[in-house]
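Asks: my questions concern the predicted model and sequence given below.
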Amino acid sequence: MTARVERVALVSPYALSVPGGVQTQVRAMARDLARRGVEVVVCSPGTPDEQLLAAGIAHAAAGEVRAIRANGSRAPVTLSRAASRAFASVASTLRGGVVHVHEPFAPIAAYDLLREHRRPTVGTFHRGGGGPAYVAGAPVIRRLRRGLDLTTAVSRHAAITIQGAAGVHPEVLFNGVELDLVDAAVPWPTTAPTVLFVGRHEQRKGLGVLLDAVSRIDLPIACWVLGEGPETASLRQRHRADARIEWLGARDDDEKLARLRGADVLCVPSLRGESFGLVPLEGMAARTAVVASDIDGYREATGGHATLVAPGDPEALAVALRAAIERPATDQVLAEARAHAEHWSVHALVERYLGLYARAADTFDAAHATVARGRHVRRGTTGPEQ
C-alpha cells in the first residue's frame with residue numbers, strides 16, 4: 001500500500017469568486033487537508049481567493065472567467081487553454097502527490113492535466129441531471145476519462161447522471177459540512193420569526209416560489225434573502241410592497257453562517273438539478289429547522305430530519321413554513337438533525353478521500369509499471385538469454 005499522501009492539488013473548473021457547491025467543497029477540503037499537515041495547492045479560474053491565502057494555502061488562479069449556461073444555471077468557467085496548461089504544469093510538479101479534480105469534464109480547467117495524466121488523479125462528479133453538453137462533448141469525454149485513476153460522486157443522483165452520460169461508475173460519497181465554522185458563528189439577532197433563503201437568484205433555485213409562499217403567510221415574520229442573480233431585479237419589483245422581505249445581496253461566509261444560526265427556518269425551495277443537499281445540511285448543523293423541496297438530492301441528504309414539500313408549489317410551501325413558525329421544532333428534534341449532519345462533516349469526508357488518494361496512487365503506479373514492462377519487452381531486453 002502506498003504511504004499516506006502528503007501533497008494534493010485540488011482543481012475546480014469554477015471560479016471561487018462565485019458562490020457554488022463545488023467551490024464550497026474545494027475550499028473546505030483545502031482547509032481540512034492543510035490542518036492535517038498535507039501540502040495543498042488549489043487550481044481554479046479567475047483571481048486568487050483571499051480566504052485560502054489567509055489560511056496559508058497556495059492558490060494557482062488563471063484564466064478569464066466566462067458564464068456558460070449549464071444545468072439550469074450559469075457556470076463560471078474559463079475557456080483559456082493557457083490556464084488549462086498552467087494547471088497541468090502545477091500537477092506535473094506535484095512530486096509524490098495526487099490531483100483531485102472536481103467536475104473533471106466541465107470546460108476546460110482540467111483538460112490538459114487529464115490528457116497528460118502525469119500524476120495519480122481522482123475525479124469527483126457533482127452534477128445531477130444530464131443535458132445536451134454531455135452528448136455534444138462525448139468524444140472529448142471519452143478521451144479525458146482515461147486520465148482518471150479513481151472516480152467518486154457526491155450522491156447517488158450524481159453517480160447515475162455520470163454513469164448514463166459517460167459510462168463512468170464512481171464510488172458514492174457526499175459533500176461535507178464545515179462543522180467548526182458553523183459552531184463558531186454567532187447567531188444573528190432577530191426581531192420576528194425569520195425565514196432564510198441562501199442561493200443564487202435563478203429559476204432553478206426556487207426563490208420565486210418561496211416569495212409567493214411568504215405572500216400567503218399573514219404573520220409578522222421576516223424573510224432574509226441572501227445572494228443575487230438574474231432574477232433579483234424582477235423578484236424585488238414583484239414583491240416590493242412586502243416590507244417583511246429583506247434583500248441582503250451577496251454576503252461572506254461568516255455572515256451567511258451567522259444568519260443561518262439566527263434564523264428560525266431555513267427554506268431551500270430548489271426545483272431540480274440539486275445532486276446533494278449541502279445547504280439543508282448546513283441548516284441542520286446550525287440547529288435551524290429546515291423546509292426544503294422533495295427532490296432526490298435533498299431527500300438523500302436530510303434523512304428524514306427536514307420538512308420536504310413538492311417543488312414548485314407555493315401553497316404547500318406556505319403551509320409548511322407556517323407550521324414551522326407556529327409550532328417550532330423542539331430542542332430534541334433539532335439536536336437529532338444536528339447529529340445527522342455530523343455524519344456528513346468535511347472532516348469525515350477528507351478522511352475517506354485520504355484512503356482513496358492512496359488507492360489512486362497505487363492504481364497509477366501499477367499502470368505505469370505495466371507500460372514500462374511492455375516497453376522493456378518490445379525493446380528485446382526481457383532476460384539474460386537475449
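Replies: Thanks, I have the structure now. Residues are numbered from 1 along each chain as shown.
Asks: and the lowest-mean-pLDDT helix or strand in the chain, what's buried?
Replies: The least trusted helix or strand in the chain, going by mean pLDDT, DSSP states H and E, turns out to be helix 132-136, with a mean of 72. Residues of helix 132-136 classed as buried: 133, 134 (neighbour count, 16 or more other Cβ atoms under 10 Å). Using the backbone N, CA and C atoms, a C-beta is placed for each residue, glycine as well.
Asks: could you do stretch 280-300 as well?
Replies: The neighbour-count check on stretch 280-300 (16+ other Cβ under 10 Å) flags 280-293, 295-300 as buried.
Asks: which residues of the stretch 201-350 of the chain fall in strands?
Replies: Ranges of strands in the stretch 201-350 of the chain, per DSSP state E, counting those that start in this stretch, are 222-226, 245-249, 265-268, 289-293, 307-309.
Asks: sheet-wise, list the partners of the third one with their directions.
Replies: To tie it back to what came earlier, the one meant is strand 265-268. Strand pairing for strand 265-268, using DSSP bridges, gives strand 194-198 (parallel), strand 289-293 (parallel).
Asks: one step back: let me have the strands of the stretch 201-350 of the chain in CSV, extended by distance to residue 95 and mean pLDDT.
Replies: Formatted as CSV, the strands of the stretch 201-350 of the chain follow (distance: least, Cβ to Cβ, whole Å; pLDDT from 0 to 100):
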stretch, distance to residue 95, mean pLDDT
strand 222-226, 42, 98
strand 245-249, 44, 98
strand 265-268, 42, 98
strand 289-293, 44, 98
strand 307-309, 48, 98
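Asks: residue 25: which of these is closest?
Replies: Nearest to residue 25, of all the strands of the stretch 201-350 of the chain, is strand 265-268, at 17.1 Å by Cβ to Cβ.
Asks: one step back: show the subsequent helix or strand relative to the least confident helix or strand of the chain.
Replies: Later in the chain than helix 132-136, the nearest helix or strand by DSSP states H and E is helix 138-144.
Asks: can you dump the C-alpha atoms of that following helix in PDB for me?
Replies: The C-alpha atoms that make up helix 138-144 are tabulated as PDB, following Å, rounded to 0.1, in the frame of the first residue of the first chain:
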ATOM      1  CA  ALA A 138     -18.900  12.700 -25.800                       C
ATOM      2  CA  PRO A 139     -15.800  12.400 -27.900                       C
ATOM      3  CA  VAL A 140     -13.800  14.700 -25.600                       C
ATOM      4  CA  ILE A 141     -15.200  13.000 -22.500                       C
ATOM      5  CA  ARG A 142     -14.000   9.500 -23.800                       C
ATOM      6  CA  ARG A 143     -10.500  10.900 -24.100                       C
ATOM      7  CA  LEU A 144     -10.500  12.700 -20.800                       C
END
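Asks: next secondary structure element downstream of it?
Replies: Where DSSP H and E defines the elements, the next helix or strand beyond helix 138-144 is strand 150-153.
Asks: mind showing which ranges of the stretch 51-200 of the chain have poor pLDDT?
Replies: 71-72, 131 (pLDDT under 70).
Asks: which parts of it are strands?
Replies: Under the criterion DSSP E, counting those that start in this stretch, the stretch 51-200 of the chain contains strands at 58-61, 65-70, 73-78, 98-102, 121-125, 150-153, 171-172, 194-198.
Asks: strand partners (parallel or antiparallel) of the third one?
Replies: Strands that pair with strand 73-78, judged by DSSP bridges, come out as strand 65-70 (antiparallel).
Asks: residues making contact with the partner strand?
Replies: 15, 17-18, 45-46, 74-79, 106-107, 131, 133 (Cβ atoms under 8 Å, 6 or more residues apart in numbering).
Asks: of those, grab the buried ones for ChimeraX.
Replies: A single ChimeraX command is used to select the members of the contacts of strand 65-70 judged buried by 16+ other Cβ under 10 Å:
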select :15,17,18,45,46,74,75,76,77,78,106,107,133
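Asks: and which of the contacts of strand 65-70 is nearest residue 231?
Replies: residue 74 (12.0 Å).
Asks: and that closest one, what are its bridge partners?
Replies: Counting by DSSP bridges, residue 74 forms beta bridges with residue 69.
Asks: what's the burial count for the spatially closest residue to residue 20 that is not a sequence neighbour?
Replies: With Cβ to Cβ, 6 or more residues apart in numbering as the criterion, residue 20 has its nearest non-adjacent residue at 5.7 Å, and that residue is residue 14. The number of residues packed near residue 14 is 26, by other Cβ atoms under 10 Å.
Asks: and residue 14, its phi and psi?
Replies: The phi/psi pair for residue 14 (degrees, to the nearest 10) reads phi -110, psi 140.
Asks: pretty sure it is touching residue 106, no?
Replies: Yes: in this structure, residue 14 is within contact of residue 106 by Cβ atoms under 8 Å, at 7.3 Å.
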